[in-house]
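>>> Attaching a predicted model along with its sequence, questions to come.
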Amino acid sequence: DGGRMVTFDGCLVPGQNPIARFLILRDRGQNIRTPDEYRDLARGSFSQVEGVLTHQAWIPYTHWTMECSA
């Protein structure tokens, strides 16, 4: 109760840079998720879940940053 968690994860989204997708799949193994899947996972333990999707350009990568609170 009263807890807070912030995550920063690679994620898979439609239309993302193919190099980003390749790197994420090789970097994170089999636990990589879409933003909706991360959100659903967090909602099992937190009442409030907010997230932001970002695409990094200089080294192609897609991140999902999520803030969860009880």
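Happy to help now that I have it. Numbers count the residues shown, from 1 in each chain.

>>> who does the host helix or strand of H63 touch, helix- and strand-wise?
Assigned by DSSP states H and E, H63 belongs to strand 61-69. Under the contact criterion of 3 or more C-beta pairs under 8 Å, 6 or more residues apart in numbering; DSSP states H and E, strand 61-69 touches strand 4-10, helix 18-28, helix 35-43, strand 48-56. Yep, even glycine has a C-beta here, placed from its N, CA and C like the rest.

>>> got the buried residues for the lowest-mean-pLDDT helix or strand in the chain?
Scoring the helices and strands of the chain by mean pLDDT, DSSP states H and E places helix 18-28 at the bottom, with a mean of 89. Within helix 18-28, the residues that count as buried by 16 or more other C-beta atoms under 10 Å are A20, R21, L23, I24.

>>> now that helix: how far from the chain's centre is it?
13 Å (C-alpha atoms, centre = their mean, to the nearest Å).

>>> Output the contacting helices and strands for it.
Secondary-structure packing of helix 18-28 (3+ C-beta pairs under 8 Å, 6+ apart): strand 4-10, strand 61-69.

>>> Okay, angle between that helix and strand 61-69 too, please.
Interaxial angle, helix 18-28 versus strand 61-69 (axes from the mean of the first three to the mean of the last three C-alpha atoms, to 10 degrees): 60 degrees.

>>> Look up phi and psi at I59.
phi -120, psi 110 (degrees, to the nearest 10).

>>> quick thing: my sequence starts at 643, can you match it?
That works, and once the first residue is 643, the last one we named lands at I701.

>>> Of the helices and strands packed on helix 660-670, which stretch is the most buried?
Neighbour counts (mean count of other C-beta atoms under 10 Å) averaged over each of these peak at strand 703-711, with a mean of 18.
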